[in-house]
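J.: coords below, sequence missing:
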């Protein structure tokens, strides 16, 4: 909203190259526009993911200078700008920096003048200093080692997060979506799905996502950081807003929002009878297993009794037809269509279909595994990676972190089920292992080369 108000002021344009506004970014960002950064089609790697790869723990304090340092170390984007959607917190930190550079005000000061005050959101604040006092703050908490510990934000950056607010204030924000006091044109832009380079919709706008719930249009967004979990839902046709703010890391705010919304939104369509209990689930054992997409992403399913579960996190699925399932608590969300050719299509209205192929664990010979052993360095990440053999399989570790087992899902392709990372082994002209390419979710294609030492 802050950026789009500056667009209305004529201070920036959505097609401005991001390097015009933040020239410190390397040449790899040359083709990225401000619009692509806001709708997460920029390909800029996510700084949280990069921080984790660099060995930063949950207590690390991220600053604007630190985020820029991480991005300056990179040598490439995740993908060609505009070719696909991939959420990146980096883009919104950069957007907050642009607000300050263009307006001369920090995001909190700009938002107070242009958003919070006009909407009477007196209790809302962007926190630029994680040590600053927040009046009436609810601390975040998480369970660890059988007990409760405080879990608060250590961010000294804003834009991707850092907003403290209340249910009352967020309802005022949702009311502005219904009857705008500020940003009428901005809200329309924020809601509109971005179009990818091939003309297909990404399913995501600029900070707002549009989907369906029980046949009704739903405009929403949620978030998670430290011990905080949030969901904001707005139904334009019903003039209904639902705000869920939680200070428990295991809370599931979208499920809670759905339960609240269900009180006010009756079942008005029969798209799938909202769970076709008469539909056969088929042979659940046939669907259980691991599936991989072409970008190195994975989905895993397992049978538990008479249920099929999507794993990490575990979510029971419910059948809507033979071979088709939805998450039992989110019948309106994505649908898993298991195909007879052992492939899987993940379908969600308004988004490109995600296609995955079934992969089975591959047995590796002792010679092949021995070839993987060694230390690897990347010019883009400070922390080296060590691969070793334990028992009958390879393990890998980032310096200072516990070793994790790797599962071979193809020739020279290793998968870490716990993190969801994939290592694609690189070989030289003589066939020897020279390195690997790491796909780490929101940071892809990071090259590591074998250390000579």
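T.: Happy to help now that I have it. Just so it is clear, the model here is predicted, and its values are computed rather than measured.
J.: quick one, helices of the stretch 101-250 of the chain?
T.: Using DSSP state H, counting those that start in this stretch, the helices of the stretch 101-250 of the chain run over 107-111, 167-178, 184-191.
J.: Mean neighbour count, the ones you listed: which tops it?
T.: Comparing these by mean neighbour count (mean count of other Cβ atoms under 10 Å), helix 107-111 comes out on top with a mean of 21. C-betas here are computed from N, CA, C, even on glycine.
J.: what sits up against stretch 27-39?
T.: Defining contact as Cβ atoms under 8 Å, 6 or more residues apart in numbering, one finds that stretch 27-39 is touched by 3, 12-19, 21, 42-44, 71, 74-77, 80-82, 85, 91-92, 94-95, 98, 194, 202, 204-207.
J.: Give me the buried stretch members for that stretch, please.
T.: In terms of neighbour count (16 or more other Cβ atoms under 10 Å), stretch 27-39 has its buried residues at 28-29, 31-39.
J.: how far is that stretch from where the chain is centred?
T.: Distance, stretch centre to chain centre, for stretch 27-39: 18 Å (Cα atoms, centre = their mean, to the nearest Å).
J.: what's the answer for stretch 20-30, then?
T.: On Cα atoms, centre = their mean, the centre of stretch 20-30 falls 23 Å from that of its chain.
J.: Can you pull up the most central residue in the chain?
T.: Residue closest to the average C-alpha location in the chain (Cα atoms, centre = their mean): residue 87, at 4.7 Å.
J.: next helix or strand past the worst-scoring helix or strand of the chain on mean pLDDT?
T.: Least confident helix or strand of the chain, by mean pLDDT, DSSP states H and E, is strand 330-338 with a mean of 87. Following strand 330-338 in sequence order, the next helix or strand is strand 343-347 (DSSP states H and E).
J.: I'd like the next helix or strand past that following strand.
T.: Following strand 343-347 in sequence, per DSSP H and E, is strand 354-359.
J.: Tell me the strands beside that next one, with direction?
T.: Next to strand 354-359 in the sheet, as set by DSSP bridges, lie strand 289-292 (antiparallel), strand 343-347 (antiparallel).
J.: Dump the ones you listed to a markdown table, plus mean neighbour count and distance to residue 386.
T.: Below are the strands paired with strand 354-359 laid out as a markdown table (neighbours: other Cβ atoms under 10 Å; distance: least, Cβ to Cβ, whole Å):
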| stretch | mean neighbour count | distance to residue 386 |
| --- | --- | --- |
| strand 289-292 | 20 | 25 |
| strand 343-347 | 16 | 33 |
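J.: closest to residue 355 out of these?
T.: With Cβ to Cβ as the measure, strand 343-347 is the member of the strands paired with strand 354-359 nearest residue 355 (5.7 Å).
J.: mean confidence score for that closest one?
T.: Strand 343-347 shows a mean pLDDT of 96 in the predicted model.
J.: And the contacts of that strand?
T.: Applying Cβ under 8 Å, 6+ apart, the external contacts of strand 343-347 come out as 291, 299, 334-339, 353-358.
J.: Just the buried subset of those residues, written out for ChimeraX, thanks.
T.: With 16+ other Cβ under 10 Å as the criterion, this ChimeraX line picks the buried residues out of those:
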select :291,299,334,335,336,338,354,356,358
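J.: Out of the contacts of strand 343-347, which is nearest to residue 140?
T.: Nearest to residue 140 out of the contacts of strand 343-347 is residue 334 (Cβ to Cβ; 27.7 Å).
J.: still on that earlier bit, can you put the contacts of strand 343-347 in a markdown table and add distance to residue 312?
T.: Output for the contacts of strand 343-347, formatted as a markdown table (distance: Cβ to Cβ, whole Å):
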| residue | distance to residue 312 |
| --- | --- |
| 291 | 13 |
| 299 | 9 |
| 334 | 15 |
| 335 | 19 |
| 336 | 14 |
| 337 | 20 |
| 338 | 18 |
| 339 | 22 |
| 353 | 21 |
| 354 | 16 |
| 355 | 20 |
| 356 | 15 |
| 357 | 19 |
| 358 | 17 |
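J.: Please name whichever of the helices of the stretch 101-250 of the chain is nearest to residue 383.
T.: Ranking those by proximity to residue 383 (Cβ to Cβ) places helix 107-111 first, at 30.5 Å.
J.: From the chain's centroid, how far away is that closest one?
T.: Offset of helix 107-111 from its chain centre (Cα atoms, centre = their mean): 25 Å.
J.: Outside of that helix itself, which residues are in contact with it?
T.: With contact meaning Cβ under 8 Å, 6+ apart, helix 107-111 is reached by 2, 96, 99-100, 103, 124-128, 158-159.
J.: about what we covered before: closest to residue 243 out of the strands paired with strand 354-359?
T.: Among the strands paired with strand 354-359, the nearest to residue 243 by Cβ to Cβ is strand 343-347 (28.3 Å).
J.: Spell out which residues make up each domain of this protein.
T.: Following automatic domain parsing, one finds the domains of the chain at 2-264, 284-359, 366-450.
J.: Pass me the low-pLDDT residue ranges in the stretch 151-300 of the chain, would you?
T.: Scanning the stretch 151-300 of the chain for pLDDT under 70 picks out 267-282.
J.: and if we set it to 50?
T.: Along the stretch 151-300 of the chain, segments meeting pLDDT under 50 span 269-275, 277-279.
J.: in the helix or strand containing residue 20, what's buried?
T.: Per DSSP H and E: residue 20 is located in helix 18-21. The neighbour-count check on helix 18-21 (16+ other Cβ under 10 Å) flags 18-19, 21 as buried.
J.: Ok, stretch 94-112 next?
T.: Neighbour-count burial for stretch 94-112 flags 94-100, 102-103, 106-108, 110-112 (criterion: 16+ other Cβ under 10 Å).
J.: before we move on, the earlier item: can you say which of the strands paired with strand 354-359 is nearest to residue 222?
T.: strand 343-347 (19.0 Å).
J.: Just checking the distance from that closest one to the centre of its chain.
T.: For strand 343-347, the distance to the chain centre is 19 Å (Cα atoms, centre = their mean).
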